[in-house]
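Participant: A predicted structure for the sequence below; I have some questions about it.
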Amino acid sequence: MSSALSLPDADPAPAAQLSGASRTLPATVAGQLRERIIQGEFPPASRLNERALCDLLGVSRTPLREAFRLLAAEGLVQIEPNRGAQVVALSEANIREAFEVIGGLEAMSCRLACERATDLEIAEIRALTYEMMASHARRDLPSYFRLNREIHERISLASHNGLLKQLYDAQNARIQNLRFVSNENRQKWDLAMREHIEMAEALEARDADRLAGIMRQHLQRKCDAALRTLQPPAPDSG
């Protein structure tokens, strides 16, 4: 049995190719905007200025507006007639409900993954956890979060339930920014890393109860952290 995890101290393209690229451009733009929203560059309720974004991303307004529509379908952006697009701001009730749902979906994925995951899938999740530990040690939050997100997605895939994965993806997109900012506090980040180590160990042991329990606790902490971001800062007593 393997040892337990521990926390470490230009040629022109053919016409057909260009046609294919043009069809994927809105999705590419949507992906770039999604990452910027997740990482807080465009905070909740902020307006997405079309002219500035066209300059930033090097695209015209047509693919940008299509990207907005893709993100609106994910619940990340809302489009208002004659006012353009803005990042969705979730209310306290929205956040609680979203985390309740995603917590249930991920706990179910954990249980099914313990039953159905292949040894290779488990080994890959373990390897990603090691990579995430290295990002945590470097305090590289973007890299850490990318690996974190991939681990959660791999557990969902390892459930081998297509409908469950589809539901997970739809709900998870709405709260990615909240999951990212919850790690900006170092103490909470350290705790989240330890929980991921425990998850990898529980999955390797195929301990469904333990893994589902850790996941629910992990997501409840994320929810609590997200709700605290809605609270106004304490008045200065000085």
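Facilitator: That came through fine.
Participant: can you count the residues close to residue 161?
Facilitator: The tally of other residues near residue 161 (other C-beta atoms under 10 Å) stands at 17. (Each C-beta comes from the backbone N, C-alpha and C, glycine too.)
Participant: What score does the closest residue in space to it that isn't next to it in sequence have for pLDDT?
Facilitator: Among residues not flanking residue 161 along the chain, residue 112 sits closest, at 5.9 Å (C-beta to C-beta, 6 or more residues apart in numbering). Per-residue pLDDT puts residue 112 at 98.
Participant: tally of neighbours for residue 112?
Facilitator: Neighbouring residues of residue 112 were enumerated by other C-beta under 10 Å; the total is 19.
Participant: Quickly list the domain ranges of the chain.
Facilitator: 25-87, 92-230 (the TED database).
Participant: For the longest one, measure first residue to last.
Facilitator: Counting by C-alpha to C-alpha, to the nearest Å, you get 7 Å between the two ends of domain 92-230.
Participant: what do you get for the shortest one?
Facilitator: Between the opening and closing residues of domain 25-87 we find a distance of 20 Å, counting by C-alpha to C-alpha.
Participant: I'd like the average pLDDT over it.
Facilitator: 92.
Participant: those strands in this protein, which residues are they?
Facilitator: Assigned strands in the chain, in chain order: 47-48, 77-80, 84-87 (criterion: DSSP state E).
Participant: what's the closest of the ones you listed to residue 215?
Facilitator: Among those, the nearest to residue 215 by C-beta to C-beta is strand 84-87 (27.3 Å).
Participant: contact partners of the closest one?
Facilitator: 37, 42-50, 68, 71-72, 76-80 (C-beta atoms under 8 Å, 6 or more residues apart in numbering).
Participant: Go through it and flag the buried ones.
Facilitator: 85, 86, 87 (16 or more other C-beta atoms under 10 Å).
Participant: again, but for stretch 166-177
Facilitator: Buried residues in stretch 166-177, defined by neighbour count with 16+ other C-beta under 10 Å: 167, 168, 171, 172, 173, 174, 175, 176, 177.
Participant: Just the ones of the residues you listed in helices?
Facilitator: Among these, the residues falling in helices (DSSP state H) are 167, 168, 171, 172, 173, 174, 175, 176, 177.
Participant: can you tell me how far the residue positioned nearest the centre of the chain sits from residue 34?
Facilitator: Nearest to the mean C-alpha position of the chain, by C-alpha atoms, centre = their mean, lies residue 176 at 3.8 Å. For residue 176, the distance to residue 34 (C-beta to C-beta, to the nearest Å) stands at 8 Å.
Participant: Then residue 161?
Facilitator: Taking C-beta to C-beta as the measure, residue 161 falls 25 Å from residue 34.
Participant: so residue 103 makes contact with residue 216?
Facilitator: Yes. Counting by C-beta atoms under 8 Å, residue 103 touches residue 216, with 5.3 Å between them.
Participant: Name the residue in those two with the higher neighbour count.
Facilitator: Of the pair residue 103 and residue 216, residue 103 is the one with more neighbours under other C-beta under 10 Å, namely 19 against 15.
Participant: wait, what's in contact with the more buried one?
Facilitator: Residues near residue 103 by C-beta under 8 Å, 6+ apart: 215, 216, 219, 220, 223.
Participant: What separation do you get for it and residue 113?
Facilitator: Using C-beta to C-beta, one gets 15 Å for the distance from residue 103 to residue 113.
Participant: on that earlier part again, hang on, the residue nearest to the centre of the chain packs against residue 38?
Facilitator: Yes. Using C-beta under 8 Å, residue 176 makes contact with residue 38 at a distance of 4.5 Å.
Participant: Burial check on residue 99, number of neighbours?
Facilitator: Residues lying near residue 99 (other C-beta under 10 Å) number 22.
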